[in-house]
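Colleague: fold the stuff below for me.
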Amino acid sequence: MITSKTQLVGLFGHPVSHSQSPMMHNAAFAQMGLGFAYVAFDVDPADLEDAVRGIRALGLKGINVTIPHKVAIMPMLDEIDPLAKRIGAVNTVVINDGRLIGYNTDGMGYVRSLVEETGIVLDQQIVTMVGAGGAARAVAFTLAEKGVKEIRIMNRSRERAQILAEHVGTIVPTKIVEQGDGMDAIADSSLLINTTSIGMLPNVQEMPVPPEWLHNKLTVSDLIYNPLETRLLGEARAIGATVHSGVGMFVNQGALAFELWTGQEAPTEIMREIVLQQLKKTT
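Modeller: Okay, the predicted model is just below:
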C-alpha cells in the first residue's frame, strides 16, 4: 500500500508496458519490508526534459532508464558515474541531496551474473562479442575493466564495431572480426556473447552465428531472456558448452539499482523467481 511516507522510484522508457521491472522491484521491496514503490512511466522522447524536472518536483528517490532514453538523458543530469560516462549511456539515476546522478548497472549486472552462474575466471578469457550497440558497450567496457585477455567484436556495421573497438582498446587488446572470419575468431575464444536481438521471440529459430562455429570449450552467453533458452544456447548446450542466459543480467542490473537506491543488499533470489514466473507465463 502506497502511503504519504512511501518513497517512489520508477522507470522512464517508451514503451514500458512490457517491462518486468515493476513486478520485480515491488516484490523485492515487499520482501525487505521497505516503504518503496516502483512505477513505470511511459515518457515520450519529446517530454523527457519535463519528466526529468518532475523527478525533483515529485520527490522521487530514483529511476531506471530504458530505451530510447539511455543516452538522451545524460546532459539533463548533474553528475555521471565514470563507468556510465565511458559506456556512453545511463540506466539508473539516484537522487542525492537534490542532485541527479547517473549510473549504468547493465555491465556490472551482466558480469555479476556471468561469474555467479558459470564460475568463469575473467582474466583468462578471450571474448568474441556479437553486436556493437548499447548493450555491447556496457558489457565490453565492464569486461575490459575486469581484465579479460582480449575482446573481438563481430558486427554487421563495421563502423560501429570500429568505434567500440577503439574505445575499449584503450583498456584491453580489442579487434574487429571481419565478415567471413567469425569461425576462426570463435575457434580459439573461450567466451562467446550475443548482445543482439537475434533469436528473441518471435524469431526463435534465428542464430547470431552458425551452430557449426560453436565448440565445447566455449562459455556461450546470450543477453536475450525471452525465450529463456535461445536456439544459440540450446545448440551450445547440446555440444557440451557452458551456457548463460540473459535472465541473470536483467535481475542483477536491477539488484544493483535497488542497492543504489536503498543502501541495502537486494533479495536477488526473489527477484529472479518473479521474473522467471512472468516469463514462463508468456512463453
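Colleague: could you use CA atoms for every contact and neighbour count after this?
Modeller: OK.
Colleague: which residue ranges of the stretch 151-283 of the chain form helices?
Modeller: Ranges of helices in the stretch 151-283 of the chain, per DSSP state H, counting those that start in this stretch, are 158-168, 182-187, 231-238, 247-262, 268-282.
Colleague: of all those helices, which lies closest to residue 40?
Modeller: helix 247-262 (13.8 Å; Cα to Cα).
Colleague: what residues sit buried inside that closest one?
Modeller: For helix 247-262, a neighbour-count test (16 or more other Cα atoms under 10 Å) marks 247-258, 260-262 as buried.
Colleague: does anything pack onto it? Which helices or strands?
Modeller: Applying 3 or more Cα pairs under 8 Å, 6 or more residues apart in numbering; DSSP states H and E, we find helix 247-262 packed against helix 21-32, strand 92-96, helix 106-118, helix 268-282.
Colleague: quick one, that helix and strand 92-96 angle?
Modeller: 10 degrees (axes from the mean of the first three to the mean of the last three Cα atoms, to 10 degrees).
Colleague: now do helix 247-262 against helix 106-118, angle only.
Modeller: 130 degrees.
Colleague: pLDDT score assigned to residue 97?
Modeller: In this model, residue 97 is scored at 89, pLDDT.
Colleague: give me the number of neighbouring residues for it.
Modeller: 6 (other Cα atoms under 10 Å).
Colleague: and it, how far from residue 62?
Modeller: Distance, residue 97 to residue 62, by Cα to Cα, to the nearest Å: 12 Å.
Colleague: cool, residue 107 as well?
Modeller: 19 Å.
Colleague: okay, those two: which has more neighbours?
Modeller: residue 62 (27 against 23).
Colleague: quick check: phi and psi on that one?
Modeller: phi 180, psi 170 (degrees, to the nearest 10).
Colleague: any idea how far it is from residue 220?
Modeller: Distance check for residue 62 against residue 220: by Cα to Cα, it reads 34 Å.
Colleague: before we move on, what about residue 205?
Modeller: For residue 205 relative to residue 220 (Cα to Cα), the value is 17 Å.
Colleague: got it, and residue 148?
Modeller: According to Cα to Cα, residue 148 and residue 220 sit 15 Å apart.
Colleague: who has more neighbours, these two?
Modeller: A count of neighbours by other Cα under 10 Å puts residue 220 above the other of residue 148 and residue 220, at 24 against 20.
Colleague: which strand residues bridge the more buried one?
Modeller: With DSSP bridges as the criterion, residue 220 is bridged to residue 192, residue 243.
Colleague: need the contact list for it.
Modeller: Each residue near residue 220 by Cα atoms under 8 Å, 6 or more residues apart in numbering is listed here: 191-193, 233, 236, 241-244.
Colleague: neighbours of residue 53, how many?
Modeller: Count around residue 53 with other Cα under 10 Å applied: 12.
Colleague: state the pLDDT value of it.
Modeller: The model's pLDDT for residue 53 equals 95.
Colleague: so it sits in a helix?
Modeller: Yes - judged by DSSP: H, G, I helix; E, B strand; the rest coil, residue 53 forms part of a helix.
Colleague: next one: it from residue 95, what distance?
Modeller: Taking Cα to Cα, one finds residue 53 at 12 Å from residue 95.
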